[in-house]
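Visitor: Give the three-dimensional model of this entry:
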Amino acid sequence: MNLNRTELFSLKGKTAVLTGASGFLGRMIAETLLENGAKLIALGRSERLNEIVTCWQKKFGTDRLVGMQVDMADIPTFTDLLNTIAQQESHIDILINNAHELGVNTGFNTSEGMLENATFEQWQRNFFGGVFWPALAAQRLGDRLKSSRSASIINISSMYGIVAPSPKLYENTNKFNPPGYSAAKAAMLAFTRYVASFWGEYGIRSNAIVPGPFSNIGGASENSVNENDPFVARLQARTCLNRVGKPDELAGALLYLASDASSFVTGQAIVVDGGWTII
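Guide: Alright, predicted model coming up:
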């Protein structure tokens with residue numbers, strides 16, 4: 001642990017594992033870790049991951065970055081990959097559970113995802129992302145996290161894990177946020193506290209980041225929106241700051257929780273939402 005106030009937020013010498021590395025927020029998380037000195041093992045499903053990792057390696061070097069493409073919904077394959085990481089690394093200092101499937105299969109942006117229509121498969125896929133994937137990662141990498149003696153687990157939850165979506169937000173739009181997502185992200189917060197309670201004796205801290213509206217403008221995912229989409233204006237109107245967040249505005253909370261700056265902080269949820277959840 002380094003509590004030198006000039007180096008509080010440094011990640012030098014720390015090894016991080018990140019899921020969902022090729023996604024909207026995942027790319028920002030990965031770059032923040034690398035820019036502050038961490039060695040990164042980046043996991044992602046998208047075929048773009050290899051291209052993204054190649055770009056990062058050119059910028060940060062090949063010795064601090066490994067990319068591993070995996071479909072986490074394929075549980076045996078994901079488990080094998082986690083076991084491989086545990087065998088290769090002597091310690092893991094940071095585990096960031098960021099991956100979640102956001103699309104029709106989890107009930108997003110379709111009437112089939114509504115409470116009246118949601119299927120078992122949609123509920124299951126949401127709870128895979130919100131609870132089971134993070135639990136499996138913690139379980140399989142647990143010995144390496146314990147070896148660190150000061151490891152940090154960071155779970156990326158959602159504002160909809162602590163407040164309900166407003167039906168009016170989605171009126172006359174093709175956008176929709178399913179009940180399974182809210183329930184899974186709330187469960188993630190409970191899991192975060194559970195790990196903090198049971199693994200604190202090993203020096204492991206477990207915390208969550210709760211993002212508000214960070215609009216994926218111009219991205220490639222199913223949830224991307226056009227910058228001029230009226231839905232963005234609806235999101236902006238519901239925050240105290242009258243705007244949506246920029247991905248880099250999550251970097252501060254991330255760096256705080258990943259570094260020794262938060263060495264006495266565990267079981268907490270840091271809300272970064274522009275004031276959405278207070279009104």
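
Visitor: who's in contact with Asn50?
Guide: By Cβ atoms under 8 Å, 6 or more residues apart in numbering, the contact set of Asn50 is 67, 69. Quick note: C-beta positions are derived from backbone N, CA and C, even for glycine.

Visitor: Tell me the secondary structure of it, please.
Guide: Of the three states, Asn50 takes helix under DSSP: H, G, I helix; E, B strand; the rest coil.

Visitor: Leaving out the residues flanking it, which one is nearest to the residue sitting nearest the centre point of the chain?
Guide: Centrality entry for the chain: nearest residue to the mean C-alpha point is Asn98, 2.2 Å, by Cα atoms, centre = their mean. Take Asn98 and drop its neighbours on the chain: the residue closest to it by Cβ to Cβ, 6 or more residues apart in numbering is Gly20, 3.9 Å away.

Visitor: Is the one you found in a helix, a strand, or coil?
Guide: State at Gly20, reduced to three classes by three-state DSSP: coil.

Visitor: ok, it touching Gly26?
Guide: Yes. Contact criterion Cβ atoms under 8 Å: Gly20 and Gly26 qualify, at 4.3 Å.

Visitor: which neighbours do those two share?
Guide: 44, 98-99.

Visitor: Switch the residues you listed over to CSV; also include secondary structure.
Guide: Formatted as CSV, these follow (three-state DSSP):
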residue, secondary structure
Gly44, strand
Asn98, coil
Ala99, coil
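
Visitor: Would you mind listing the residues in contact with the residue nearest to Asn98?
Guide: Per Cβ under 8 Å, 6+ apart, neighbours of Gly20: 26, 43-44, 98-100, 156.

Visitor: what about dumping the CA coordinates of stretch 57-70 to CSV?
Guide: Extracted C-alpha coordinates of stretch 57-70, given in CSV (Å, rounded to 0.1, in the frame of the first residue of the first chain):
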residue,chain,number,x,y,z
GLN,A,57,-0.2,-1.9,-27.4
LYS,A,58,1.2,0.6,-29.9
LYS,A,59,0.6,3.4,-27.4
PHE,A,60,1.3,1.7,-24.0
GLY,A,61,3.6,-1.2,-25.0
THR,A,62,3.0,-5.0,-25.3
ASP,A,63,4.4,-5.8,-21.9
ARG,A,64,1.5,-4.2,-20.0
LEU,A,65,-1.4,-5.4,-22.0
VAL,A,66,-3.0,-8.7,-23.0
GLY,A,67,-6.4,-9.0,-24.8
MET,A,68,-8.5,-12.1,-24.5
GLN,A,69,-11.7,-12.5,-26.6
VAL,A,70,-14.4,-14.5,-24.9
